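# Show me the folded form of this:
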Amino acid sequence: MSIHPPVGAGAGANEPGGPVRRHELGDPDLEATALAEPGAVTVIIPTFNEAGNVRELLRQLTDAVPARLPCEVLFVDDSTDDTPQVIASAAQDCPFPVNVIHRETPAGGLGGAVVEGLKAAGSEWIVVMDADLQHPPALVPDLVAAGERQRADLVVASRYITGGSRAGLAGGYRVAVSRAATWLAKGIFPARLRGISDPMSGFFAIRRSAVTAEALRPLGYKILLELAVRCRPEQPAEVPFVFRDRFAGESKSSAKEGLRFLRHLVELRTASPLARMAAFGLIGLTGFVPNLLALYGLTAAGLHYLPAEVLANQFGVAWNFVLIEALLFRSRRGHRHWADRVGRFAVLANADLLLRIPLIALFVSKLGAEVLPATALALLATFVLRFVGTEALVYLPKRKGRQRRRGEGRASDRTERGAAAEGHGSPTADRIEGGVIR
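The predicted structure is shown next:
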């Protein structure tokens, strides 16, 4: 990853006595916005091969942002084309600092790029928007003004409230997919998305104090959903916007991104241990299907039912392992080698069978339970033990590494706050002044 130094007007452009932008206090457009006095604003723009859009985007941002709103633009770039060079050229005409973080490895996709920007930003307000001009730059001051006016932590640009429109969605298929994704997300997270009509929006403003970047684990491009669920910003507000046609280039939406979105929903929904245990149980129930099918095939082939039972159980174990890996513990797979995970999971799954019989005998002989209730209790007990064992012995994260990262994050925060206090310009610009940091 490389961080390029700021280009454009520099930090002084946004302060009294600095270069004057197109909007001035007293302009009719500014007065109509009813802009409160906010702190500085960092506009985070993730890019992937958006060279054809950057120049027009910066031009419209220059026209949109009033002089009294201190602003910096931070591109987080995963491009394989000349987008960083185009940004550097276009930024020469901007009255505000423009910075670029170029990532060699696009971890987490577009959402991961936004998280990198959130970690680098030190402004009171952060605005996230796309580079393709489907999000109108003229709305940036309105988002911040709405947050200040309503004392909201999060302000979402929504296509689904009065005055908004999804006109820029190409074709009925994309419209249907967008609406289905919105309904699905709001159905799964009714409480945390209360007050947000468009959780699929990629255009929003959020207070820096409401963001815990270290808690974010994005998967794909629905970063607003990640922020709303994990950071739980208070008092969300909304501003209508018209989703426009892409200015240049091609859409990055694909069936692969759709699958990543579904996996993201599962990861968010199963973030708590209780939710993970429920999902673990549901996945375990689906394992009966391959188990019974294998048992039928083996016994039909003439194998005795006892060895057939043991072999058929392995089909169910394999089925459950694949689903758990893909849906439940995907983010924890890097802790152990796949062969180690398979072996540990198989041992736990088969130990379940060995433990169940003695438990049933114990409940019947010592507690005087009937056979069916005793079996049910044994199934419940072994299920809980199997879940706990799977979490602890197969997918337990490396605690030392996590603690070290948290400590580094706190040290980085202290360094950034100190840099911001000593300087007069953009916190990001101050930190990277003097050249490229690799």
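
# which intervals of the stretch 101-250 of the chain have sub-threshold pLDDT?
Counting by pLDDT under 70, the low-confidence segments of the stretch 101-250 of the chain come to 168-173, 220, 249-250.

# Can you give me the distance of Phe241 to Leu184?
To Leu184, Phe241 is 22 Å away according to C-beta to C-beta, to the nearest Å. C-beta coordinates here come from the backbone N, C-alpha and C atoms, glycine included.

# Repeat that for Asn49.
Plainly put, Asn49 is 29 Å away from Leu184 if you go by C-beta to C-beta.

# got the residue ranges for the strands in the stretch 51-200 of the chain?
With DSSP state E, counting those that start in this stretch, the ranges of strands along the stretch 51-200 of the chain come out as 71-77, 97-102, 125-128, 154-158.

# Can you list the strands that the second one pairs with?
Paired with strand 97-102 in the same sheet, following DSSP bridges, are strand 2-8 (antiparallel), strand 71-77 (parallel).

# Between the strands of the stretch 51-200 of the chain, which one is closest to Gly109.
Gly109 lies closest, by C-beta to C-beta, to one member of the strands of the stretch 51-200 of the chain: strand 71-77, at 11.4 Å.

# Run through who's touching that closest one.
For strand 71-77, the surrounding residues in contact (C-beta atoms under 8 Å, 6 or more residues apart in numbering) are 6, 14, 40-48, 54, 58, 61, 65, 83-84, 87, 91, 94, 96-103, 113-114, 116-117, 120-121, 123, 131, 426, 428-429.

# OK, contacts around the nearest residue to Leu216 once chain neighbours are set aside?
Spatial nearest neighbour of Leu216, chain neighbours left out: Val115 (5.0 Å); criterion: C-beta to C-beta, 6 or more residues apart in numbering. Neighbouring residues of Val115 by C-beta under 8 Å, 6+ apart: 108, 213, 216, 218, 223.

# Make sure the third one is actually in contact with Ala228.
Same thing as Leu216. No: contact criterion C-beta atoms under 8 Å: Leu216 and Ala228 do not qualify, at 11.2 Å.

# And those two? Which one has more around it.
Ala228 (25 against 20; other C-beta atoms under 10 Å).

# For Leu348, which three-state class applies?
helix (DSSP: H, G, I helix; E, B strand; the rest coil).

# same question, Gly368
coil.

# Look up how far Leu379 lies from it.
Applying C-beta to C-beta, the value for Gly368 to Leu379 is 19 Å.

# Those two: who's more crowded?
Higher neighbour count among Gly368 and Leu379: Leu379, with 14 against 8, using other C-beta under 10 Å.

# Please name the nearest non-neighbouring residue to the more buried one.
Of all residues not flanking Leu379 in the chain, Arg356 sits nearest, at 7.0 Å (C-beta to C-beta, 6+ apart).

# neighbours of that neighbour, just the number please.
Arg356, neighbours per other C-beta under 10 Å, totals 16.

# Over to Arg341?
If you count neighbours by other C-beta under 10 Å, Arg341 ends up with 21.

# again with Phe315
Phe315: 19 surrounding residues under other C-beta under 10 Å.

# Then the one 4 residues further on?
Here the number of neighbours of Trp319 (other C-beta under 10 Å) works out to 19.

# tell me which element the residue lying closest to it once chain neighbours are set aside falls in.
Counting by C-beta to C-beta, 6+ apart, Pro290 is the residue found nearest to Trp319 once chain neighbours are left out, at 4.5 Å. Assigned by DSSP states H and E, Pro290 falls within helix 288-300.

# Show me which positions of that helix end up buried.
By neighbour count with 16 or more other C-beta atoms under 10 Å, helix 288-300 contains the buried residues 290-291, 294-295, 298.

# And the helix or strand following that helix, what's buried?
Later in the chain than helix 288-300, the nearest helix or strand by DSSP H and E is helix 305-323. Across helix 305-323, burial judged by 16+ other C-beta under 10 Å covers 308-309, 312-313, 315-321, 323.

# For the helix or strand where the residue nearest to Leu379 lies, name the packing helices and strands.
Element membership of Arg356 [criterion: DSSP H and E] is helix 338-365. Under the contact criterion of 3 or more C-beta pairs under 8 Å, 6 or more residues apart in numbering; DSSP states H and E, helix 338-365 touches helix 305-323, helix 371-389.

# Can you give the distance of the last one from its chain's centre?
What separates the centre of helix 371-389 from the centre of its chain is 35 Å, taken as C-alpha atoms, centre = their mean, to the nearest Å.

# Of all the residues in stretch 226-236, which ones are buried?
For stretch 226-236, the neighbour count (16+ other C-beta under 10 Å) marks 226-231, 233, 236 as buried.

# and if you look at stretch 90-110?
90-91, 94-103, 106, 108-110.
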